[in-house]
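1. This is the structure alone, sequence omitted:
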């Protein structure tokens, strides 16, 4: 692992990342949930905002004044970052038609600059081509009202057994499908920014934090590959739009690292004693996140500050180790006294990996589960030895 920089605030860290992007086109950040990734993206975005004042003039260039002779001015907020994070999904809200339960619309907050100039840019076809890479649903955008309606085709058999397509309109899509739709929407806009379309010429940076937070591995590879290709195929004759991508998903990070070979790569963590943010330059360290996660788990086991999401990290480590060593499941790695077949601890890890508490707001474990956690981690580290220097300091 490489050099570590310490930052007292996320704003200081955001300023540093802007300096890095003067030299680098892409920055990749690996960080666990609860570290401050989303807040960092907002601090970065805020640093790129400024209010400017313009004197109003006629078409001939003469300055406009009031009857009292005072200059007429207008102010506007300029920005430079097109971001995707948890707040992006908040720009879309459902009208569930509670009265009739028949008309379902996804409303867009048209007050946001995120939607500037969309009606003139044939967004449906742009979004659809991306969305259909992931899902088989369709949609219509009403730009005037700022709403999206969805439909789906299904193959059904009639009474004679003949197959036909049946269209379902005004459907309510699932939360996961909604997330993928919004991600496709963002990608379509990002493509406009990368192509330097007039409405998005203000974009100098893309900041993407954990796209589609519940990615399975297949979607993780697809999304990472697609995003990397989109970034790499910018017009070389124009100033590139630079990008920061942060994630807690190890496979997603690894694919991006491979695709964007010259990207600056960091591991972001938090010093539990001082509250400082630690940005570690990981360079080309192979499988760095595996060691980083193990070090994190070792530290929390020692300190006792063990949260539910640490079981998610532990499971990820066990699954990768089981695959590498040829076991059928990670349960076979957990041979602990009073649970020699590993069934109890296997089920415990499975249980504590489900539920939203594992992935969003950190919740500290009860003492009994902390001891289970320590036992599993201790046995794993005894069975598969690591360099002890990693865990010092």
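-> Cool, got the structure. If you're wondering where the values come from, they're calculated on a predicted model, not measured in any experiment.

2. Mind pulling up the pLDDT for residue 228?
-> Here, the pLDDT recorded for residue 228 equals 91.

3. Mind listing what's buried along stretch 247-266?
-> Buried positions in stretch 247-266, judged by neighbour count with 16 or more other Cβ atoms under 10 Å: 247-257, 259-260, 263-266. (C-beta placed from N, C-alpha, C; glycine too.)

4. Report the residue ranges of every domain in the protein.
-> According to automatic domain parsing, the chain comprises the domains 1-80+204-283, 84-192, 288-391.

5. Let me have these in TSV, extended by distance to residue 198.
-> Formatted as TSV, those follow (distance: least, Cβ to Cβ, whole Å):
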stretch	distance to residue 198
domain 1-80+204-283	13
domain 84-192	7
domain 288-391	38
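
6. Would you single out the least confident of these?
-> The bottom spot among the domains of the chain, by mean pLDDT, belongs to domain 288-391, with a mean of 69.

7. following the longest helix anywhere in the chain, which helix or strand shows up next?
-> Identified as the longest helix of the chain according to DSSP state H is helix 175-194. Sequence-wise, the next helix or strand downstream of helix 175-194 (DSSP states H and E) is strand 205-209.

8. buried residues in the helix or strand following that next one?
-> The C-terminal neighbour of strand 205-209 among helices and strands, as given by DSSP H and E, is helix 217-232. For helix 217-232, the neighbour count (16+ other Cβ under 10 Å) marks 219, 220, 223, 224, 226, 227, 228, 230, 231 as buried.

9. Same question for stretch 169-184.
-> So stretch 169-184, judged by 16+ other Cβ under 10 Å, has buried residues 171, 173, 176, 177, 178, 179, 180, 181, 182, 183, 184.

10. Which two among the residues you listed are spaced furthest apart?
-> 171 and 183 (19.0 Å; Cβ to Cβ).

11. where exactly do the strands run in this structure?
-> 4-7, 26-30, 50-55, 73-78, 81-84, 92-95, 105-108, 138-142, 147-157, 163-171, 205-209, 242-247, 264-270, 277-281 (DSSP state E).

12. follow-up on the earlier one: any chance of the buried residues of helix 217-232 in a markdown table, plus distance to residue 205?
-> What follows is the buried residues of helix 217-232, written out as a markdown table (distance: Cβ to Cβ, whole Å):
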| residue | distance to residue 205 |
| --- | --- |
| 219 | 25 |
| 220 | 23 |
| 223 | 19 |
| 224 | 19 |
| 226 | 19 |
| 227 | 15 |
| 228 | 17 |
| 230 | 15 |
| 231 | 12 |
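
13. so which of those residues would you say is closest to residue 86?
-> residue 223 (16.3 Å).

14. Could you double-check that that closest one sits in contact with residue 211?
-> Yes - between residue 223 and residue 211 there is a contact under Cβ atoms under 8 Å: 6.0 Å.

15. Give me the number of neighbouring residues for residue 282.
-> Residue 282 has 22 neighbours, counted by other Cβ atoms under 10 Å.

16. my guess is it contacts residue 269, does it?
-> No - using Cβ under 8 Å, residue 282 is not in contact with residue 269, being 11.5 Å away.

17. looking at it, residue 199 is touching residue 121, isn't it?
-> Yes - under the contact definition of Cβ under 8 Å, residue 199 touches residue 121, with a separation of 7.0 Å.

18. Touching both of those two, which residues are there?
-> Here residue 199 and residue 121 share the contacting residues residue 192, scored by Cβ atoms under 8 Å, 6 or more residues apart in numbering.

19. For this structure, which residue occupies the most central location?
-> For the chain, residue 210 is the residue whose C-alpha lies nearest the centre (Cα atoms, centre = their mean; 1.1 Å).

20. can you tell me how far that residue sits from residue 51?
-> Per Cβ to Cβ, to the nearest Å, residue 210 is found 30 Å from residue 51.

21. before we move on, what about residue 26?
-> Per Cβ to Cβ, residue 26 is found 29 Å from residue 51.

22. which of the two has more neighbours?
-> Using other Cβ under 10 Å, the more surrounded residue of residue 26 and residue 51 is residue 26, with 22 against 8.

23. got a list of what the more buried one touches?
-> 231, 242, 243, 244, 245, 260, 262, 263, 264.

24. how about a cut-off of 10 Å?
-> For residue 26, the contact set (Cβ atoms under 10 Å, 6 or more residues apart in numbering) comprises 206, 228, 231-232, 240, 242-245, 256, 259-265.

25. Okay, and the beta partners of it?
-> residue 243 (DSSP bridges).

26. Throw the strands of the chain into TSV and include distance to residue 367, thanks.
-> Putting the strands of the chain into TSV (distance: least, Cβ to Cβ, whole Å) gives the following:
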stretch	distance to residue 367
strand 4-7	32
strand 26-30	30
strand 50-55	50
strand 73-78	50
strand 81-84	39
strand 92-95	41
strand 105-108	44
strand 138-142	49
strand 147-157	47
strand 163-171	47
strand 205-209	33
strand 242-247	31
strand 264-270	23
strand 277-281	28
